[in-house]
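Mind looking at a prediction? Sequence and model below.
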Amino acid sequence: MSDVRPEELTKVFAEVARGLIAHEALPNVLDAIVRLAVETVDGCEEAGVLVLDRRRDFETPSASGDLVRESDRAQFECDEGPCLDAARNESSFLVPDMAAETRWPRYRPRAVALGVASMMGFELFAHDGVFGALDLYSREPRAFDERAREIGWVFASHASVAIAAAQRAETLRAGYATRQEIGAAVGILMERYRITGEQAFEVLKRASMESNVKLREVARRLTETGEVPTGR
């Protein structure tokens with residue numbers, strides 16, 4: 001995209017934004033981000049999303065190929081690397097030539113062995129102890145120039161908005177499903193014991209506390225098996 005004029009680039013990113021938002025489910029959004037990153041950012045041959053949680057567990061929920069997954073695994077095993085830095089420190093990075101890199105001395109030789117020549121990445125999100133980064137790879141050194149970095153920044157901003165929208169949608173869907181399951185369980189108890197809705201809900205709450213099982217799970221078990229979990 002190095003020869004694209006600014007006004008054309010604006011149109012491209014408008015289309016990218018619409019394309020990302022169109023994928024409602026979070027896994028689909030992440031897959032679209034990876035695919036569009038390779039198509040949009042000059043020099044990018046492979047791309048992936050790295051997720052790191054508060055327990056220091058890592059995941060690569062979307063990647064364009066094995067090179068990305070192996071690179072993420074190497075960084076986690078070495079406990080260092082540009083993608084981990086981007087996620088942990090909420091920052092961006094640019095590695096012009098991995099073979100000449102002096103940072104990450106444990107990770108660098110493994111990256112070179114994998115065929116990684118240059119990299120670029122951006123922090124995507126950080127909330128509730130979960131950190132994420134969008135990482136771009138090339139098998140050629142100095143594949144990413146300043147223009148590619150600027151385009152990457154804009155793309156990552158659109159990607160972050162799309163991820164946030166997908167996460168909100170998932171939260172809403174989960175809340176709706178919970179209300180539906182609890183409502184169905186309340187109805188079963190009302191019919192079975194000829195009690196009010198408030199009384200039926202109290203039965204579910206008491207069963208949840210006594211069995212140390214979440215209310216939604218208590219409701220789900222009741223609707224599936226007809227039984228209410230107890231603490232005994």
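Now that the structure is in, tell me what you want to look at. Keep in mind that what you see is a predicted model, and the values were worked out from it rather than measured.

Break this structure down into its domains, please.
6-167, 172-225 (automatic domain parsing).

Could you dump these into a markdown table and include mean neighbour count and mean pLDDT?
C-beta coordinates here come from the backbone N, C-alpha and C atoms, glycine included. What follows is those, written out as a markdown table (neighbours: other C-beta atoms under 10 Å; pLDDT from 0 to 100):
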| stretch | mean neighbour count | mean pLDDT |
| --- | --- | --- |
| domain 6-167 | 18 | 83 |
| domain 172-225 | 15 | 82 |
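
outside of stretch 59-68, which residues touch it?
Taking C-beta atoms under 8 Å, 6 or more residues apart in numbering as the criterion, the residues outside stretch 59-68 that touch it are 27, 30-31, 33-35, 38, 46-53, 69, 72, 114-116, 135, 137.

Cross-reference these with the strands and report the matches.
Among the contacts of stretch 59-68, the subset assigned to strands under DSSP state E consists of 46-52, 135, 137.

okay, among the residues you listed, which ones form the most distant pair?
For these, the farthest-apart pair by C-beta to C-beta is E46 and L52; their separation is 19.4 Å.

so what's Q75 up against?
Applying C-beta under 8 Å, 6+ apart, we find Q75 in contact with 81-84, 104, 107.

Among those, which are located in helices?
82-84, 107 (DSSP state H).

could I get those as JSON lines with distance to R147?
Converted to JSON lines, the ones in helices among the contacts of Q75 look like this (distance: C-beta to C-beta, whole Å):
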{"residue": "P82", "distance to R147": "20"}
{"residue": "C83", "distance to R147": "22"}
{"residue": "L84", "distance to R147": "26"}
{"residue": "Y107", "distance to R147": "27"}
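
I'm done for today, thanks for sticking with me.
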